[in-house]
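Engineer: structure for this input, please:
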Amino acid sequence: MCAVPEAVNACTYSQRPEPVGHASGQYFANEMLDAATYADLVLVEDDGTRGGDARPTGIITVRTIARFKGRSADRFTLFGTPSDKEGIFSAPLQHFTSETGQVTPFSFSEERPSQLFREPVAEGSPPPPPPPMTSCSPPGLTAETGRFYVVLRDAEGRVLNRLTMSDGRASAPNHPAFGFVPVVLSDEDFWLYSVRLAAYRDTSDTTIQLLHLRPGSSPAGVEKGLRGAGATIRAAYYARGNFVEEVRPAPHEQERPWLEKASTYLDSSRRGRIGDPHHGAAEFLRGKLGPDSVYGTGLGYQVAQAFTRSVREVQQATAAPRLVAVEVAGDPSAFAGLPFVDRTGPLDRAVDRLPQVNGADEAATFAIMQRIERDIWLLNGGNGNRQGTLP
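Structural biologist: Okay, the predicted model is just below:
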C-alpha cells in the first residue's frame, strides 16, 4: 500500500499514481470538457496578496483570455490563495490505471468557497460552512498574479472537481477533475493543447441562460423583485463599456440579500493589490516566443496574441460598472415577466478556442508574430514603458 500523504490516518491507495501522458491527457480533456459548463484560458490579475502583514484575501481574480466552452464573463473570481511561486508549477497531473487499463484522475487541487464579501457578518447570518476535508483531500486552489491557467467550471460557476467516470468495472460520480491547471508552455506541458483540441469536437451545449435587465435597473429593486418571486441569485454581471465582470458569492452568501454589496465589492476589491499582472505575464511569455522553441511558433504566440488583445480591451474598461444581467438558480424563464427583465439569453460573448496566428501568407504571418513580440517587449518594460499598457 502507498500512503499519501505520510501522516497519521493518511489516505491510502492500492497503487501509486502515475504521471498523465499525452494520450491519457487527451482522454481526460475530452471527458472533463464534456462535464464542464465553462472552459477558459485565463490570466490571474490578482492572487489575493496584500502588502505588509495583511492576510491574503482568499479571492483570486482572473481575466478571460480565450473561451473553449461556455460564455464566461471577461473577468470573474475564484476562491483560493497565492501559490508558493515554486512548487505549484512543477506539480504533475497524475492518474491511476486499473487492471483493465482504464485510467482515472488523481486529485490535483480543489476550490474551497469561503467568503466574497468581507464586511462584518450581520447578527444571525450563518457562518461560512467548513470545507469537508479529509486526509484524501487535495491541496486548495492556489495561483500567482501574472500567470496563465486553464480553468474548467461547473454549472454553478465553481471550479470543476467532480465527474462521473468508469474504472473499467463500474462508473462512479465522484472522480476528481483537473479544474485549475497552470500553463507552463514547455515541451511537457500538454494540458492546454489537449483542452484546445477537445474543444473543437461537437461538445454539448451547456450555455447558461441569464436574465438581461432593462437599462437603469437598480440592484435593490432587482433583488427585491426576484427574491419576492422565489428566486435565488447566483451571480450578477456588471458592464464597464463592453467589458463584463461577474460577481459570484459563495453558495452560503447567496442565501441572503447581497446584490447591493456587489458594486461596493467591485470598487474595493482592487485596493492594496501587489504586483502587475501584465508585466508578469509578459516576462513569462518573452521566454516562450522565438523560432527555436517547440511552443514558440505555436501555442506560445497564440497565448501571447490572445493576451495582448485582452490588454487592449481592458484598457477601454474605464466606465463605472453597470448592472446588466443576473443568473438565477433554476429556469430563468419563470422570472422573464418581471418588469425589470428585458430578455433571457446567454452572455453576449463568443467561444473563440484560442485563435491561430494567421496571415494571408507566410510573410504576413511572420509580420503578425513580430508585432506580438514587440507588444510583449513593451509590456515587459521595453522603451521605458512602466504603465503595463499598449498603444
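
Engineer: direction included, what does whichever strand or helix holds residue 65 pair against?
Structural biologist: Under the criterion of DSSP states H and E, residue 65 resides in strand 59-69. Strand pairing for strand 59-69, determined by DSSP bridges: strand 38-46 (antiparallel), strand 75-79 (antiparallel).

Engineer: residue ranges with poor pLDDT in the stretch 201-350 of the chain?
Structural biologist: Flagging of the stretch 201-350 of the chain using pLDDT under 70 yields the residue ranges 203, 291-297.

Engineer: just the strands in the stretch 201-350 of the chain please.
Structural biologist: 210-213, 233-240, 243-247, 322-328, 341-345 (DSSP state E, counting those that start in this stretch).

Engineer: out of the ones you listed, nearest to residue 24?
Structural biologist: strand 243-247 (32.2 Å; C-beta to C-beta). The C-beta positions use only the backbone N, C-alpha and C, and glycine is treated the same way.

Engineer: contacting residues for residue 142?
Structural biologist: 47, 80, 81, 82, 83, 84, 88, 109 (C-beta atoms under 8 Å, 6 or more residues apart in numbering).

Engineer: go through these and name the one nearest residue 314.
Structural biologist: Within the contacts of residue 142, proximity to residue 314 (C-beta to C-beta) peaks at residue 47, which comes in at 17.3 Å.

Engineer: quick check: which ranges of the stretch 51-200 of the chain have low pLDDT?
Structural biologist: Ranges of the stretch 51-200 of the chain meeting pLDDT under 70: 85-91, 119-135, 167-168.

Engineer: separation between residue 250 and residue 77?
Structural biologist: Separation of residue 250 from residue 77 (C-beta to C-beta, to the nearest Å): 10 Å.

Engineer: and for residue 62?
Structural biologist: In this view, residue 62 and residue 77 are 7 Å apart by C-beta to C-beta.

Engineer: residue 378 now?
Structural biologist: Applying C-beta to C-beta, the value for residue 378 to residue 77 is 28 Å.

Engineer: can you check residue 257 too?
Structural biologist: In this view, residue 257 and residue 77 are 19 Å apart by C-beta to C-beta.

Engineer: between these two, who's got more neighbours?
Structural biologist: Neighbour count, other C-beta atoms under 10 Å: between residue 257 and residue 77, residue 77 has more, with 23 against 14.

Engineer: quick revisit: nearest to residue 302, of the strands paired with strand 59-69?
Structural biologist: Ranking those by proximity to residue 302 (C-beta to C-beta) places strand 38-46 first, at 9.4 Å.

Engineer: which parts of the closest one are buried?
Structural biologist: 38, 39, 40, 41, 42, 43, 44, 45, 46 (16 or more other C-beta atoms under 10 Å).

Engineer: looking at these, which is nearest residue 369?
Structural biologist: Among the buried residues of strand 38-46, and counting by C-beta to C-beta, the member closest to residue 369 is residue 41, at 19.0 Å.

Engineer: ok, how many other residues are close to the spatially closest residue to that closest one that is not a sequence neighbour?
Structural biologist: Excluding the flanking residues, the one nearest residue 41 by C-beta to C-beta, 6 or more residues apart in numbering is residue 66, at 4.2 Å. Look at residue 66: counted by other C-beta under 10 Å, it has 25 neighbours.

Engineer: what ranges do the helices span in this protein?
Structural biologist: Secondary structure of the chain (DSSP state H): helices at 22-35, 191-199, 219-228, 259-268, 277-286, 299-315, 362-379.

Engineer: tell me what the first one is packed against?
Structural biologist: Contacting helix 22-35 under the criterion 3 or more C-beta pairs under 8 Å, 6 or more residues apart in numbering; DSSP states H and E are the following elements: strand 103-105, strand 148-153, strand 163-166, helix 191-199.

Engineer: the longest one vs strand 59-69, what angle?
Structural biologist: Here helix 191-199 runs at 40 degrees with respect to strand 59-69, directions being taken by axes from the mean of the first three to the mean of the last three C-alpha atoms, to 10 degrees.

Engineer: now do the nearest residue to residue 80 once chain neighbours are set aside against residue 60, distance only.
Structural biologist: Excluding its sequence neighbours, the residue lying closest to residue 80 (C-beta to C-beta, 6+ apart) is residue 141, at 3.4 Å. As judged by C-beta to C-beta, residue 141 and residue 60 stand 7 Å apart.
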